[in-house]
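In: Sequence first, then the predicted structure, then my questions.
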Amino acid sequence: MIVIGAGWFAKELYQAMVFNNPEFKNENLFFFDNVSENLPNKFLGKYKILRTTDEVREVFSKGSNEFCLGLSTPKHRYKLTNLFEQLGGKLTSVISASAYIDTLDTNVGDGCSVMHGTFISCNASIGRGTLLNVNSMIAHDVTIGEFAEIMPGVNITGLCHIGNYTSLGTGCILTPNVKIGNNCVIAAGSVVTKDIPDNSLVVGIMPSRVVEKLPEFEL
């Protein structure tokens, strides 16, 4: 398994991985970071940090081709998933043992990062590559698109729809039946009570409001 990322969120994801899979050993867990400077050779002093795509290909050729996403922001998660799939990798989810996922018609897509204390209710659908961070609450009949980012403490009430590549900041609240488009950024602490169109930056508590039109997401 290769974890994409070797920063702070990778450490949180690592805790979820090891708690669920204590059999991980140094030789079959790797981390990848090709942009950060002054990184040590090993993550937490134990796991090799890969710096090039050639190293990734070598790992895939010798064992498992699974990888997971140990970094945030929809753009980075999406683009690095495409890169690793081109290298022959298979996107894999990491789900914390302390997360609750209802078994009644609930679907979590490949490559999701479901962190500690997350609650996912019945009839919910979570898209591929999405991050559900610590203590996020996903109520019944919620649909979340691909490579979305749900930050800690977000409360998404019933029948809401969140589009692809959208980021909900820490502590956001969505009231029932709200629809948020693709590639939106909802600022931390916002309370969203009405539908939000694609490519919108939203701030505010009561009421939240669109304050800026964002560039379209580059596929």
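Out: Right, received. Where do you want to start?
In: switch to C-alpha atoms for all contacts and neighbour counts from now on
Out: Fine.
In: quick one, domains of the chain?
Out: Listed by automatic domain parsing, the domain ranges of the chain are 2-92, 95-201.
In: end to end, how far does the shortest one reach?
Out: For domain 2-92, the first-to-last residue distance is 10 Å (CA to CA, to the nearest Å).
In: before we move on, what about stretch 103-120?
Out: Counting by CA to CA, you get 9 Å between the two ends of stretch 103-120.
In: Also stretch 180-198?
Out: 7 Å.
In: Would you convert the domains of the chain into JSON lines that also reports mean pLDDT, distance to residue 211 and mean neighbour count?
Out: Shown next, in JSON lines, are the domains of the chain (pLDDT from 0 to 100; distance: least, CA to CA, whole Å; neighbours: other CA atoms under 10 Å):
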{"stretch": "domain 2-92", "mean pLDDT": "91", "distance to residue 211": "20", "mean neighbour count": "17"}
{"stretch": "domain 95-201", "mean pLDDT": "97", "distance to residue 211": "6", "mean neighbour count": "22"}
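In: Need phi/psi at residue 168.
Out: For residue 168, the backbone dihedrals are phi -110, psi 120 (criterion: degrees, to the nearest 10).
In: er, residue 82 I mean
Out: phi -60, psi -40.
In: dump the residue contacts of it.
Out: With CA atoms under 8 Å, 6 or more residues apart in numbering as the criterion, no residue contacts residue 82.
In: That one and residue 90: what is the separation?
Out: For residue 82 relative to residue 90 (CA to CA), the value is 10 Å.
In: Show me the beta-bridge partners of the residue nearest to the spatial centre of the chain.
Out: Nearest residue to the geometric centre of the chain (CA atoms, centre = their mean): residue 131, 1.9 Å. Beta-bridge partners of residue 131, counted by DSSP bridges, are residue 113, residue 149.
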